[in-house]
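Novice: Mind looking at a prediction? Sequence and model below.
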Amino acid sequence: MSTTEARTLKFNPIRGSKLEKTLEVPPEIQILDDGQDVPEHHGCFRILNTESGDDRLVWDRRSLAEINAAKKSFRELIKQGMTPYRVGTGGKATSEVMDEFDPTAEEVIFMETALVMGG
């Protein structure tokens, strides 16, 4: 999705459910197209979705306005049920769930919640 298209992303915060949520993407945040590289000095949110793949949102880590917009989006994604994981060195996912937004993070992966049924 490019920045000239709709400024909303649809995602499913619970794996396997029909629940759909929407994130209003602030104008300070860029939505990357498939195959587009993350620009230098930018942080990236990857919003994973088993139905539609993933969307990538980027912000300039040197811009206070973009950092604030990313922080707002971070909080909204958590509020809507997504879980943020810090990406470690070399682009490897970690099991570290982020409790707070870190503007120096190079990449954060937001994953759907998997419900576990017991009986």
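Specialist: Received, thanks. No experiment lies behind these values; they were computed from the predicted model shown.

Novice: so what's the spatially most central residue of the chain up against?
Specialist: With distances taken as C-alpha atoms, centre = their mean, the residue of the chain nearest its centroid is Phe45 (3.4 Å). Residues near Phe45 by C-beta atoms under 8 Å, 6 or more residues apart in numbering: 56-58, 70, 73-74, 77, 84, 107-110. Glycine gets a C-beta too; all of them are placed from N, C-alpha and C.

Novice: Tell me which helix or strand it sits in.
Specialist: For Phe45, the element it lies in under DSSP states H and E is strand 42-49.

Novice: Please name the strands paired to that strand in the sheet, noting orientation.
Specialist: strand 53-60 (antiparallel), strand 107-111 (parallel) (DSSP bridges).

Novice: Report the rounded mean pLDDT for the first one.
Specialist: What that stands for is strand 53-60. Strand 53-60 carries an average pLDDT of 92.

Novice: what does it contact?
Specialist: 1, 9, 11, 25, 28-32, 36, 38-39, 41-49, 66-67, 69-70, 73.

Novice: Going through the residues you listed, which ones are buried?
Specialist: In the contacts of strand 53-60, burial by neighbour count holds for 1, 9, 11, 25, 28-32, 42-49, 66-67, 69-70, 73, counting by 16 or more other C-beta atoms under 10 Å.
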